[in-house]
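# got a sequence here, can you build the structure:
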Amino acid sequence: MAGPSKKQVTLRTLFTALLALALAVSLGVLGFKLWDYRQGDEDYGEAEVMAGIPDLGDLPQPTLRPQPTAAPTAEADPDSTAPAQPEPTPQPTPDPYAQALQSMDFAALQEVNEDVLGWILVPGTRISYPLLQGEDNSYYLDHTWKGSRNSVGSIFMECQCSRDFSDFNTIIYGHRVSNQSMFGQLHAYADQDFADLHPSFYITDAAGTRRYDIFAAYEAPVDSAVYRLGVSSDKGKETVINLALESSVIATPIQPTSANQIVTLSTCTGNGHANRWVVLGVLAAIE
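Below you'll find the predicted structure:
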């Protein structure tokens, strides 16, 4: 029986060589990505130490709390001459995360990079990072807070938003990284149970700590109203809020109004560039 021809041997050798090359390239890309992730983790681990982020492991998960309302006044007894006494107003419970985060020091981070605004935290997740704002929305897509070139990028505020969070809607961007760093866990808000267990996020800066209670999570086109900047009219604000509530894949008791300020956390979907995954929170009163 005749063996393989010279041509068949050549083709087989070429095919084997191509497979080996493809494997080598894949391993090289994977190795570079893992190295990139490790370097990113080191940069952000250093930021935690420099900012003095406290140990939050023993704190309970935040719970959504309705804003206190005026206590009802007790009805007077017509047969009594004593004045009616109002019911005592329940004392608010201090927010443990706001208390813990208020001692953070951003001066050391800002000495390294003046673009650092503060810190963003989603309790119970890996989302705990410096928050930056650059001159454009491109630089921090592939640079860490230290200015190191890295595919994980940074968590950064839309360059046209006010640094003091005075806008109606402040937009914050971050990559959906496959190792669950940066905004990689933001997609977990597609699950109602996860949303119930992680109902709020915190932003701390030199002015103090703000808590935002999450009221919507959904996939939004890049030209959606949620990305519209400079919204100032009540009608425009209501359009953003109502669209978010109608589009949301989770249900919460939070119903923002045009009088509130909101923050939109935005990341990619992994399915092209036409849509983004957004999680919206409304500024809450904290003690």
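# all contacts plus neighbour counts: C-alpha atoms, from now on.
Fine.
# any idea which element I241 lies in?
Following DSSP states H and E, the helix or strand that holds I241 is helix 234-247.
# C-alpha coordinates for that helix, CSV please?
Below are the C-alpha coordinates for helix 234-247, written out as CSV (Å, rounded to 0.1, in the frame of the first residue of the first chain):
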residue,chain,number,x,y,z
ASP,A,234,-37.9,69.3,34.4
LYS,A,235,-39.3,67.7,31.3
GLY,A,236,-35.9,66.6,30.1
LYS,A,237,-35.0,65.2,33.5
GLU,A,238,-38.3,63.3,33.8
THR,A,239,-37.6,61.8,30.3
VAL,A,240,-34.3,60.4,31.6
ILE,A,241,-35.9,59.0,34.8
ASN,A,242,-39.0,57.6,33.2
LEU,A,243,-37.0,55.9,30.4
ALA,A,244,-34.7,54.3,33.0
LEU,A,245,-37.6,53.1,35.2
GLU,A,246,-39.4,51.6,32.1
SER,A,247,-36.3,50.0,30.7
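# for the chain, give me the ranges with low pLDDT.
Across the chain, the ranges flagged by pLDDT under 70 are 1-33, 64-93, 287.
# got the angle for the lengthiest strand in the chain vs helix 234-247?
Counting residues, the longest strand found in the chain (DSSP state E) is strand 208-221. Computed by axes from the mean of the first three to the mean of the last three Cα atoms, to 10 degrees, the angle separating strand 208-221 from helix 234-247 equals 70 degrees.
# which strands and helices sit next to strand 208-221?
If you count contacts as 3 or more Cα pairs under 8 Å, 6 or more residues apart in numbering; DSSP states H and E, strand 208-221 packs onto helix 96-101, strand 200-205, helix 234-247, strand 275-284.
# how about the ones you listed, which one is nearest N137?
If you check each of the helices and strands packed on strand 208-221 against N137 by Cα to Cα, strand 275-284 wins as the nearest, at 15.2 Å.
# chain center to the closest one: distance?
8 Å (Cα atoms, centre = their mean, to the nearest Å).
# got the buried residues for that strand?
By neighbour count with 16 or more other Cα atoms under 10 Å, strand 275-284 contains the buried residues 275-284.
# ok, so of the residues you listed, who is nearest L245?
L245 has its nearest neighbour among the buried residues of strand 275-284 in L280, at 9.7 Å by Cα to Cα.
# just the helices from the stretch 1-150 of the chain, written as ranges.
Taking DSSP state H, counting those that start in this stretch, the helices of the stretch 1-150 of the chain run over residues 6-51, 96-101, 107-112.
# what are the buried residues along the last one?
Taking 16+ other Cα under 10 Å as the basis for neighbour counts, the residues of helix 107-112 that come out buried are 109-110.
# re earlier: elements contacting the helix holding I241?
Using 3+ Cα pairs under 8 Å, 6+ apart: helix 234-247 touches strand 208-221.
# strand 275-284 and the strand it packs on, what's the angle between them?
Calculated by the same axes, to 10 degrees, strand 208-221 forms an angle of 150 degrees with strand 275-284.
# other residues contacting the longest strand of the chain?
With contacts defined as Cα atoms under 8 Å, 6 or more residues apart in numbering, strand 208-221 is touched by 64, 98, 101-102, 189-190, 199-204, 226, 244-245, 247-255, 262-263, 269, 274-286.
# the same query, at a cut-off of 7 Å, please.
Residues from elsewhere that reach strand 208-221, judged by Cα atoms under 7 Å, 6 or more residues apart in numbering: 98, 101-102, 189-190, 199-204, 244-245, 247-250, 252, 254, 274-284, 286.
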